[in-house]
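Colleague: After the sequence you'll find the predicted model.
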Amino acid sequence: MAAVCEQIESIAAEIGKEKLTLVKAVEPEVAAAKTALVADLQERYAKEIHAMVLKEGVLEATGLDEFISQIVSEHNASLAADAADLWSEGELKGIFHDLMKAEGRRMILEDGIRPDGRKTTEIRPIWCEVDVLPRVHGSAMFKRGATQALTITTLADPSLGLTIEDMAGESVRHYIHHYNMPPYASGEAGRIGSPKRREIGHGALAERALLPMIPSQEEFPYTIRVVSEIMSSNGSTSQASVCGSTMSLMAAGVPIKRPVAGIAMGLMSDGEKYVVLSDIQGLEDHVGDMDFKVAGTTEGITAIQMDIKLKGIPKEILIQALGQAREGRLHILSKMLACIAEPRTALSKYAPKVSQVVIPAEKIGAVIGTGGAVIKDIIEKSGAEVNVEEDKEKKIGVINISSPDQEAIDAASKMIDNIVREVAVGDEFDGTITRVENYGAFVEYLPNREGLVHVSNMSADYVRDAHEVFKEGDQVHVRVKEFNPEGKIALTMLTAEQEAEQKEKAAARGQRDDNGRGDRNNRGGRNFYDARPARGDRDGGRRFERRDHRR
């Protein structure tokens with residue numbers, strides 16, 4: 001970040017323009033009259049101003065508009081209609097707002113009393129609850145004073161992650177937090193449209209606060225979207241979103257590492273004296289010098305943001321603010337954990353189930369198939385969603401299988417396992433005959449994987465032609481017999497005992513042939529790749545006819 005700031009400053013130094021300072025032109029007589037008016041109103045209505053600050057501190061109606069209308073009427077009634085010193089309600093309203101702000105600061109700095117009666121380190125009353133919305137995957141309501149946030153967690157397949165393209169390239173985010181504050185949250189009837197900068201910034205802050213605690217894709221293969229809806233606003237809504245997000249995630253069964261809470265710290269100063277405030281509300285944010293948001297766990301801070309109206313603050317103030325923030329954060333966490341102590345071990349019945357299969361990168365093509373034929377077949381037959389991603393750094397393929405039905409996930413997982421599994425000699429399978437030739441039958445023992453059962457490996461009895469005993473589509477049980485140098489597989493339908501007996505007979509025949517015919521080494525050997533039955537193979541005294549059945 002320092003390098004980025006230096007680059008910006010160098011650009012500004014090269015082509016930047018000096019900022020203009022605009023000063024409102026005011027006649028000296030007018031400025032003197034206004035100063036006198038402010039002093040007169042402050043002295044005459046000190047009690048009323050103090051009372052209105054206390055009312056605003058507890059969100060009661062201040063009656064400011066009615067009060068100003070009464071003052072204007074009383075004053076102007078004693079003057080001629082064309083008098084030059086008539087007051088407008090707009091002018092008085094601005095003056096009284098400034099006087100109320102000054103009174104709020106004075107109360108805190110001199111009397112040590114906050115507008116709502118709290119001590120400087122006191123946190124507003126907290127109320128929270130989970131599962132407030134029954135149909136969603138996870139939900140929580142967090143209320144601190146008059147600030148209230150409803151947070152909803154939704155789980156989805158990892159393929160639905162948010163793809164971001166920026167100067168650094170393309171990346172995918174699997175944890176997303178969105179923050180919405182509709183006008184009614186602050187008692188207004190404004191227009192609801194796309195998120196503004198404030199909403200985007202608050203959402204990013206709350207997302208950053210939880211991000212270190214979110215499990216990895218290997219630990220929890222889901223896309224997680226959290227939405228915070230601000231129902232009522234009176235300061236620190238972004239930190240209420242942090243607290244609500246934590247509870248909502250735990251209610252949804254997301255195994256976060258540790259719960260996170262957030263608090264907003266404030267500052268009042270007059271140049272000589274300062275007071276650090278814990279958990280500031282709207283009025284204190286408005287009249288104060290600092291809005292310092294601190295989010296974290298019992299172990300440390302995960303996110304901070306400071307909005308400050310001063311040119312800078314001393315190190316001592318920052319240390320005190322962070323210390324008070326930790327005390328407040330632990331207090332808030334205790335309230336949250338009393339509501340939900342840890343992430344649930346089971347997901348909502350409405351949440352999709354996701355299983356993750358890791359395969360070697362070189363097997364990705366086999367799972368996808370030509371033109372996606374294999375993966376489409378898996379999706380169609382299982383009913384589950386299947387997505388394949390390649391991790392080039394780790395040289396692996398990550399397959400995410402999702403469905404509300406666990407049986408569909410299990411079916412897809414089994415099909416994928418059958419495609420990528422390594423076959424060893426002796427493995428047994430139930431397969432389907434896909435093609436029959438006179439020299440043997442081709443059996444699909446795993447999806448899209450075939451092997452040949454030679455006629456000599458079909459039965460302990462002599463089989464002359466495979467068409468005599470099998471047809472295409474027959475279900476058979478086979479065992480891996482051996483591999484050829486090219487990796488092709490020879491299958492057998494014989495049991496180990498039958499093979500052993502067959503070898504003994506072959507050995508006995510070979511001994512008779514050696515005794516009667518001499519050395520046969522010069523005739524070459526045979527193996528199962530030859531599509532011809534072995535010469536001299538007899539059954540019942542019959543010698544079968546020699547034919548060339550090569551494929």
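Modeller: Looks like it came in fine.

Colleague: When you work out contacts or count neighbours from here on, use the C-alpha atoms and nothing else.
Modeller: Fine.

Colleague: For the residue most central in space within the chain, give me its contacts.
Modeller: Nearest to the geometric centre of the chain sits Tyr175, at 2.0 Å (CA atoms, centre = their mean). Contacts here follow CA atoms under 8 Å, 6 or more residues apart in numbering; on that basis Tyr175 touches 161, 207, 211, 214, 223-226.

Colleague: how about the helices in the stretch 201-350 of the chain?
Modeller: 237-252, 282-287, 315-339 (DSSP state H, counting those that start in this stretch).

Colleague: Can you check which of the ones you listed gets nearest to Lys353?
Modeller: helix 237-252 (12.6 Å; CA to CA).

Colleague: Can you dump the C-alpha atoms of that closest one in CSV for me?
Modeller: The C-alpha trace of helix 237-252 is given here as CSV (Å, rounded to 0.1, in the frame of the first residue of the first chain):
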residue,chain,number,x,y,z
THR,A,237,-24.3,-0.5,11.2
SER,A,238,-21.3,-2.0,9.5
GLN,A,239,-20.1,-3.5,12.8
ALA,A,240,-23.6,-4.8,13.5
SER,A,241,-23.3,-6.5,10.1
VAL,A,242,-20.0,-8.1,11.3
CYS,A,243,-21.7,-9.5,14.4
GLY,A,244,-24.8,-10.6,12.5
SER,A,245,-22.6,-12.3,9.8
THR,A,246,-20.8,-14.3,12.5
MET,A,247,-24.0,-15.6,14.0
SER,A,248,-25.7,-16.3,10.7
LEU,A,249,-22.7,-18.3,9.4
MET,A,250,-22.6,-20.4,12.6
ALA,A,251,-26.3,-21.0,12.3
ALA,A,252,-25.8,-22.1,8.7
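
Colleague: which stretch in the helices of the stretch 201-350 of the chain is the model least sure about?
Modeller: Among these, helix 282-287 carries the lowest mean pLDDT, at a mean of 89.

Colleague: Report all helices and strands that that helix contacts.
Modeller: helix 89-106 (3 or more CA pairs under 8 Å, 6 or more residues apart in numbering; DSSP states H and E).

Colleague: Which neighbouring elements make contact with the helix it packs on?
Modeller: Counting by 3+ CA pairs under 8 Å, 6+ apart, helix 89-106 packs on helix 46-57, helix 64-77, helix 282-287.

Colleague: Mind listing residues that contact that helix?
Modeller: 38, 42, 49-50, 52-53, 64-65, 68-69, 72, 114-115, 268, 284, 287-288.

Colleague: Contacts for the helix or strand just after it next, please.
Modeller: Downstream of helix 89-106, the next assigned helix or strand under DSSP states H and E is strand 126-130. The contact list for strand 126-130 (CA under 8 Å, 6+ apart) reads 138-145, 247-248, 251, 332, 335-336, 339-340.

Colleague: worst-scoring helix or strand of this structure, pLDDT-wise?
Modeller: Across the helices and strands of the chain, mean pLDDT, DSSP states H and E gives its lowest value to strand 542-543, namely a mean of 38.

Colleague: Can you report how many residues neighbour Ala39?
Modeller: Other residues lying near Ala39 total 11 when counted by other CA atoms under 10 Å.

Colleague: and it, how far is that from Ile409?
Modeller: As judged by CA to CA, to the nearest Å, Ala39 and Ile409 stand 76 Å apart.

Colleague: want to try TSV for the helices and strands packed on helix 89-106, with distance to Thr21 as columns?
Modeller: Shown next, in TSV, are these (distance: least, CA to CA, whole Å):
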stretch	distance to Thr21
helix 46-57	33
helix 64-77	33
helix 282-287	24
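
Colleague: Narrow the contacts of helix 89-106 to those that are buried.
Modeller: 38, 42, 49-50, 52-53, 68, 114-115, 268, 284, 287-288 (16 or more other CA atoms under 10 Å).

Colleague: For the closest residue to Arg114 other than its chain neighbours, give me its contacts.
Modeller: Using CA to CA, 6 or more residues apart in numbering and skipping the chain neighbours, the partner closest in space to Arg114 is Ile108 (5.5 Å). Listed by CA under 8 Å, 6+ apart, the contact partners of Ile108 are 114-115, 268, 275.

Colleague: Which residue ranges of the stretch 351-500 of the chain form helices?
Modeller: Taking DSSP H, counting those that start in this stretch as the criterion, the stretch 351-500 of the chain contains helices spanning 364-368, 373-382, 406-420, 496-517.

Colleague: for the protein, which spans come out with low pLDDT?
Modeller: Scanning the chain for pLDDT under 70 picks out the ranges 75-87, 506, 509-551.

Colleague: Mind jotting down where the strands sit in the stretch 101-250 of the chain?
Modeller: Counting by DSSP state E, counting those that start in this stretch, the stretch 101-250 of the chain has strands at residues 126-130, 138-144, 147-156, 162-166, 169-173, 175-180, 223-232.

Colleague: how about those in JSON lines, adding distance to Glu497?
Modeller: Shown next, in JSON lines, are the strands of the stretch 101-250 of the chain (distance: least, CA to CA, whole Å):
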{"stretch": "strand 126-130", "distance to Glu497": "64"}
{"stretch": "strand 138-144", "distance to Glu497": "59"}
{"stretch": "strand 147-156", "distance to Glu497": "52"}
{"stretch": "strand 162-166", "distance to Glu497": "59"}
{"stretch": "strand 169-173", "distance to Glu497": "56"}
{"stretch": "strand 175-180", "distance to Glu497": "58"}
{"stretch": "strand 223-232", "distance to Glu497": "53"}
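
Colleague: Looking at these, which is nearest to Glu18?
Modeller: Of all the strands of the stretch 101-250 of the chain, strand 162-166 comes closest under CA to CA, at 30.6 Å.

Colleague: Show me what that closest one packs onto, helices and strands only.
Modeller: Helices and strands touching strand 162-166, by 3+ CA pairs under 8 Å, 6+ apart, are strand 169-173.

Colleague: Name the nearest of the contacts of Ile108 relative to Glu18.
Modeller: Met268 (31.2 Å).

Colleague: The closest one pairs with what?
Modeller: Val275 (DSSP bridges).

Colleague: Return the residues in contact with it.
Modeller: 105, 108-109, 274-277, 288-290.

Colleague: Do I have it right that Thr302 meets Leu210?
Modeller: Yes: contact status for Thr302 versus Leu210: in contact at 7.3 Å, counting by CA atoms under 8 Å.

Colleague: Looking at those two, which one has more neighbours?
Modeller: Neighbours were counted for Thr302 and for Leu210 using other CA under 10 Å; Leu210 has more, 27 against 20.

Colleague: Which residue, neighbours along the chain excluded, lies closest to that one?
Modeller: Using CA to CA, 6+ apart, the nearest residue to Leu210 is Val260, at 6.6 Å.

Colleague: Distance-wise, check that neighbour relative to Glu207.
Modeller: For Val260 relative to Glu207 (CA to CA), the value is 11 Å.

Colleague: Next: Glu472.
Modeller: For Glu472, the distance to Glu207 - CA to CA - is 59 Å.

Colleague: again with Tyr445
Modeller: 49 Å.

Colleague: So Asp291 versus Tyr179, what's the distance?
Modeller: 19 Å.

Colleague: domains of this protein?
Modeller: Following automatic domain parsing, the chain resolves into domains at 31-74+90-113, 126-339, 353-420, 424-551.

Colleague: Among those domains, which comes closest to Gln7?
Modeller: Closest approach to Gln7 among the domains of the chain is made by domain 126-339 (15.7 Å; CA to CA).

Colleague: what about the closest one, start to end distance?
Modeller: 11 Å.

Colleague: Glu27: neighbour count?
Modeller: With other CA under 10 Å as criterion, Glu27 counts 9.

Colleague: next one: Gln217
Modeller: Neighbour number of Gln217 under other CA under 10 Å is 12.

Colleague: got it, and Ile375?
Modeller: 23.

Colleague: so it makes contact with Ala384?
Modeller: No: applying CA under 8 Å, one finds Ile375 not in contact with Ala384, separated by 10.7 Å.

Colleague: Of the contacts of Tyr175, just the buried ones, ChimeraX syntax please.
Modeller: Here is the ChimeraX command that selects only those of those that count as buried (16+ other CA under 10 Å):
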select :161,207,211,214,223,224,225,226
